[in-house]
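Q: Sequence first, predicted coordinates after that:
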Protein chains: 2
Amino acid sequence: MPNLIDGNKISEEIHAELSEKLANISGRKPCVALIRVGDDPASVSYVAKKSKVAAKIGIESRLNILPETTTQSELDALIDKLNSDDGVDAILVQAPLPKHLNEQATFNRVAASKDVDGFSFSNLGKLCQENKTAFVACTPAGIIELIKRSGVETKGKKAVVIGRSLIVGKPLALLLMQKGIDATVTVCHSKSENLKEICKEADILIAAVGRPLTVTEDMVKEGACVIDVGINRIPCAEKKSGYRLVGDVDFENVASKCSFITPVPGGVGPMTVAMLMSNTVKSFLLKQDKH
Amino acid sequence: MPNLIDGNKISEEIHAELSEKLANISGRKPCVALIRVGDDPASVSYVAKKSKVAAKIGIESRLNILPETTTQSELDALIDKLNSDDGVDAILVQAPLPKHLNEQATFNRVAASKDVDGFSFSNLGKLCQENKTAFVACTPAGIIELIKRSGVETKGKKAVVIGRSLIVGKPLALLLMQKGIDATVTVCHSKSENLKEICKEADILIAAVGRPLTVTEDMVKEGACVIDVGINRIPCAEKKSGYRLVGDVDFENVASKCSFITPVPGGVGPMTVAMLMSNTVKSFLLKQDKH
């Protein structure tokens, strides 16, 4: 049977490490400003979770809730205000934004030094440059932590990422090929031919597709490490909510072939929150260094 | 026999297209500022070539030659002056810089809107975001032109890049996986295990290693397209200069297996200059649009 990579446990470890780091610092706490536009139920739940974890660690969170009808210039004005607020170390704009707002322009408007989501071109470019002051997008950064803390070997190994998004696939590929991690990285996507054969060669297979049951048993090499980034809701009559969460991987049939595998929920998900906290503390400490 | 991809011919086509674009524009010419520090013979020759091609196309080039002993702050001061000079559309700092200067900091100092080399974090990040206003590094951009103009199919095909540098490997991988190009991209490097087997599966194989004869006949699939980015000098008694230029690919033994292959010299090299010109014209035209 595979080793289950317990994202809840590893994220708790990270929270504890961050708390400990902050315990030795006097003066004000780190502060993250959370921006939510509209009332998308998943966004409501994510933002609430982030506030709760922040409080536990000793990070102040300031919640900014804007109505669904917010215009781009109103959102920009809020970001500008937070950018120039010395009491705010970190800004997170919860995605997805309502369709009439430009997500990329919004991410780029956040000051690079507070962009703890790592989606601005400045931080993406610094990631390319392997600059240690870059804020790395939380989900890819969390995946790297899961891999490292589970003792999965990466050097020279074949890592296959399914998905080329700006949020996961591209930054994750850049991280996996960095010096010190040193994986041979392949990025596949919806246009890739022979997806099954390519995945089957992966020592580390990462699914970031957003479609249930995309990775099936015949796509996985015996002994591979499988990381499932997907969080999909599928109908489930037995659940009170009427749905249950599944990943992109057919966990039930894939797990027995793997050396390591992440469950959904409880795998990558909690790590995304942990890395947001880690980036907020990093931003806070970088600022302290400057003073 | 393979189709030889003639970089000289394709770069001439691009020069002609750029000349034609500029012929219809009145007022001042586009202007590129070239900065060379010291007298590295290869740099002297590259910068001279760039000036010559610029003149032919109708681009003004201003040559700034600094002594080998130039300090970082002197170089920064020159870049700052050129950044704020409205008559300068484009700035190129010829690499490699003398060892006492910080190349990455220098590249990042060039204003994003004039960084036609595409090495600053701003342009690298915009490339990640698939932003059309990004300046893409000249060698990777030139490779994409060679592939497109030769009619090599990329969609869904396996592209393998050997080399993970900031100058070639990483931006090239980001370009190849972009929407519209749609290759399945693998990046290999010095730590990769089973390099031979991985290369052997490539429909498009790109060598950017900087070591002669790295890609041998047994690493290439029958019918592959092979792009050779290497420019290595090896001793040659028959040449007056005492050396000859070879790529990273064992051309003599590899060529007969390929559908397409680039020679060295005369493959990727001239494209790098052509794309510098193309980026300079792009910068000039983007500015015109704003006025």
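A: Thanks, I have it. On a predicted model such as this, the values are computed, not experimentally measured, just so you know. Numbering: from 1, shown residues only, chains lettered A, B, ... in the order given.
Q: where does the stretch 1-150 of chain A come near chain B, residue by residue?
A: Neighbours of chain B within the stretch 1-150 of chain A, by C-beta under 8 Å from any C-beta of the partner chain: A:Q104, A:S120, A:F121, A:S122, A:N123, A:L124, A:G125, A:K126, A:C128, A:Q129, A:N131. C-beta: built from backbone N, CA, C; applies to glycine.
Q: Kindly recompute the last result at 10 Å.
A: A:104, A:107-108, A:112, A:119-131, A:134 (C-beta under 10 Å from any C-beta of the partner chain).
Q: Do you have the helices of chain A handy? List them.
A: For chain A, the helices defined by DSSP state H occupy A:7-23, A:41-57, A:72-83, A:103-109, A:121-128, A:138-149, A:169-176, A:195-200, A:251-254, A:268-290.
Q: Could you dump those helices into JSON lines with mean neighbour count and mean pLDDT added?
A: Compiled in JSON lines, the helices of chain A are given as follows (neighbours: other C-beta atoms under 10 Å in any protein chain shown; pLDDT from 0 to 100):
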{"stretch": "helix A:7-23", "mean neighbour count": "17", "mean pLDDT": "97"}
{"stretch": "helix A:41-57", "mean neighbour count": "16", "mean pLDDT": "96"}
{"stretch": "helix A:72-83", "mean neighbour count": "16", "mean pLDDT": "98"}
{"stretch": "helix A:103-109", "mean neighbour count": "18", "mean pLDDT": "97"}
{"stretch": "helix A:121-128", "mean neighbour count": "26", "mean pLDDT": "98"}
{"stretch": "helix A:138-149", "mean neighbour count": "22", "mean pLDDT": "98"}
{"stretch": "helix A:169-176", "mean neighbour count": "26", "mean pLDDT": "98"}
{"stretch": "helix A:195-200", "mean neighbour count": "17", "mean pLDDT": "98"}
{"stretch": "helix A:251-254", "mean neighbour count": "17", "mean pLDDT": "96"}
{"stretch": "helix A:268-290", "mean neighbour count": "22", "mean pLDDT": "94"}
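Q: got JSON lines for the ones you listed, with distance to A:V160 too?
A: Output for the helices of chain A, formatted as JSON lines (distance: least, C-beta to C-beta, whole Å):
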{"stretch": "helix A:7-23", "distance to A:V160": "20"}
{"stretch": "helix A:41-57", "distance to A:V160": "28"}
{"stretch": "helix A:72-83", "distance to A:V160": "36"}
{"stretch": "helix A:103-109", "distance to A:V160": "27"}
{"stretch": "helix A:121-128", "distance to A:V160": "20"}
{"stretch": "helix A:138-149", "distance to A:V160": "13"}
{"stretch": "helix A:169-176", "distance to A:V160": "10"}
{"stretch": "helix A:195-200", "distance to A:V160": "6"}
{"stretch": "helix A:251-254", "distance to A:V160": "14"}
{"stretch": "helix A:268-290", "distance to A:V160": "16"}
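Q: B:I57 is nearest to which of these?
A: B:I57 lies closest to helix A:121-128 among those, at 28.7 Å (C-beta to C-beta).
Q: So which of the helices of chain A is nearest B:C31?
A: In terms of C-beta to C-beta, the element of the helices of chain A nearest to B:C31 is helix A:121-128, at 25.3 Å.
Q: what angle separates the closest one from helix B:169-176?
A: If you take axes from the mean of the first three to the mean of the last three C-alpha atoms, to 10 degrees, helix A:121-128 sits at 120 degrees to helix B:169-176.
Q: Now helix A:121-128 - C-alpha only, PDB.
A: Extracted in PDB, the C-alpha atoms of helix A:121-128 (Å, rounded to 0.1, in the frame of the first residue of the first chain):
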ATOM      1  CA  PHE A 121       4.300  39.200 -13.600                       C
ATOM      2  CA  SER A 122       7.000  40.500 -11.300                       C
ATOM      3  CA  ASN A 123       6.900  37.500  -9.000                       C
ATOM      4  CA  LEU A 124       6.500  35.100 -11.900                       C
ATOM      5  CA  GLY A 125       9.600  36.600 -13.600                       C
ATOM      6  CA  LYS A 126      11.600  36.500 -10.300                       C
ATOM      7  CA  LEU A 127      10.600  32.800 -10.000                       C
ATOM      8  CA  CYS A 128      12.100  32.200 -13.600                       C
END
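Q: domain parsing for chain A?
A: Domain assignment for chain A by automatic domain parsing gives A:28-114, A:138-269.
Q: In a markdown table, list these along with distance to B:K196.
A: Shown next, in a markdown table, are the domains of chain A (distance: least, C-beta to C-beta, whole Å):
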| stretch | distance to B:K196 |
| --- | --- |
| domain A:28-114 | 40 |
| domain A:138-269 | 12 |
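Q: Of all those, which one is nearest B:I167?
A: Here domain A:138-269 is closest among these (C-beta to C-beta), at 14.6 Å.
Q: first to last residue in the closest one, what's the distance?
A: 10 Å (C-alpha to C-alpha, to the nearest Å).
Q: now stretch A:102-120
A: 13 Å.
Q: Please apply the same query to stretch A:175-187.
A: The first and last residues of stretch A:175-187 sit 12 Å apart, counting by C-alpha to C-alpha.
Q: where does A:L245 land on pLDDT?
A: A:L245 carries a pLDDT value of 91.
Q: any idea of the pLDDT on the residue nearest to it when sequence neighbours are not counted?
A: Of all residues not flanking A:L245 in the chain, A:P265 sits nearest, at 5.1 Å (C-beta to C-beta, 6 or more residues apart in numbering or on different chains). Looking at A:P265, its pLDDT reads 95.
Q: got the contact list for A:P265?
A: A:G7, A:N8, A:I231, A:R244, A:L245, A:V246, A:G247 (C-beta atoms under 10 Å, 6 or more residues apart in numbering or on different chains).
Q: buried subset of those residues?
A: Taking 16 or more other C-beta atoms under 10 Å in any protein chain shown as the criterion, what is buried in the contacts of A:P265 is A:G7, A:I231, A:L245, A:V246, A:G247.
Q: any idea which of those is the one closest to chain B?
A: Ranked by distance to chain B (C-beta to the nearest C-beta), the buried ones among the contacts of A:P265 are led by A:G247 at 22.0 Å.
Q: Surely the closest one and A:T262 touch.
A: Yes - using C-beta atoms under 10 Å, A:G247 is in contact with A:T262, at 7.7 Å.
Q: quick one: common contacting residues for those two?
A: With contacts defined as C-beta under 10 Å, 6+ apart, the residues shared by A:G247 and A:T262 are A:A207, A:V226, A:I227, A:D228, A:V229, A:V268, A:G269.
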